[in-house]
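# A structural model of the following input is requested.
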Amino acid sequence: MSNGKQFTLYSHDRGPNGWKVVLVLEELKLSYETVYLSFEKGEQKAPEFTKFNPNGRIPALIDHSNNDFVVWESNAIILYLVQKYDTANTISAAGETEKALELQWLFFQASGQAPYFGQFSWFTMYHPEKLPSAIERYYKEAVRVFGVLDGVLAKQKWLVGDKCTIADLVFVPWNVMAVKVFHERYQLDVEKEFPALHRWNAELANRESVKKAFEIRAALITKS
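Just a heads-up that it's a prediction; the model follows:
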């Protein structure tokens, strides 16, 4: 399965959570192969995958250099990667206080950004009936998350310390989707309404890892 690569990543061509892991793998220059599961075929619920992740959700990562160790949940995967393979702390916090802050933002992303943005996406595009009240609720909550980030980033360049860390990178895939959709549907001008967030998004988008990940994603979507 590894084809000589250190990691096998089980993911989805569009799902944002898998791309969070790709950003970290690219930042750390780790070799990996991605297996893209089809949600339409229910491959994420099939025994071939649930033997790795009993929750039946992407992503899951196999570390072939560590006795085929398997870890799932995107932020848990990211923490595993930096704790084991970012010993120089190039994209992770070093001190005790900064590590606590890093965890704080990882939890906020997993419990705040992803669920609200995800539910907005579900009720907007996939729910069998249109529920304007649900769409409006999740839109407002997503914009509130933008406000939280903007308020902090108005006072500092990065979320933790003086460099880009995983605390910043984990927000990228959902933010890219949301900024585009919110502008199209609600004419939300992020640059005007959330200037610090806009600046931060732009700096993150300019990183080589982000450029490469979204080039790969765009190519996959074009093929599908």
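# going forward, measure contacts between C-alpha atoms and count neighbours the same way
Noted.
# What's the first helix or strand after the helix or strand His198 falls within?
Assigning secondary structure by DSSP states H and E places His198 in helix 195-205. Following helix 195-205 in sequence order, the next helix or strand is helix 208-223 (DSSP H and E).
# Can you list the buried residues in that next one?
Buried residues in helix 208-223, counted by 16 or more other CA atoms under 10 Å: Ser209, Val210, Ala213, Phe214, Arg217.
# Let me know the average pLDDT across stretch 116-125.
On average, the pLDDT along stretch 116-125 is 84.
# quick one: contacts of it?
For stretch 116-125, the surrounding residues in contact (CA atoms under 8 Å, 6 or more residues apart in numbering) are Lys130, Leu131, Ala134, Ile135, Tyr138, Tyr139, Glu141, Ala142, Trp174, Ala178.
# Just the ones in helices from these, please.
Mapping the contacts of stretch 116-125 onto helices (DSSP state H) picks out Ala134, Ile135, Tyr138, Tyr139, Glu141, Ala142, Trp174, Ala178.
# got the domain boundaries for this protein?
Domain assignment of the chain by automatic domain parsing yields the ranges 7-90, 96-208.
# Pick out the residue nearest the middle of this protein.
For the chain, the residue nearest the mean C-alpha position is Lys20 (3.3 Å; CA atoms, centre = their mean).
# Model confidence for the residue lying closest to that residue once chain neighbours are set aside, exactly?
Among residues not flanking Lys20 along the chain, Val170 sits closest, at 5.4 Å (CA to CA, 6 or more residues apart in numbering). At Val170, the model reports a pLDDT of 98.
# Correct me if wrong: Gly112 contacts Val143.
No: counting by CA atoms under 8 Å, Gly112 does not reach Val143; the two are 11.0 Å apart.
# Of the two, give the one with the bigger neighbour count.
Val143 (20 against 16; other CA atoms under 10 Å).
# From Tyr116, how far out is the more buried one?
9 Å (CA to CA, to the nearest Å).
# ok, back up a step: the residue nearest to Lys20: what's it in contact with?
Lys20, Asn75, Leu106, Gln109.
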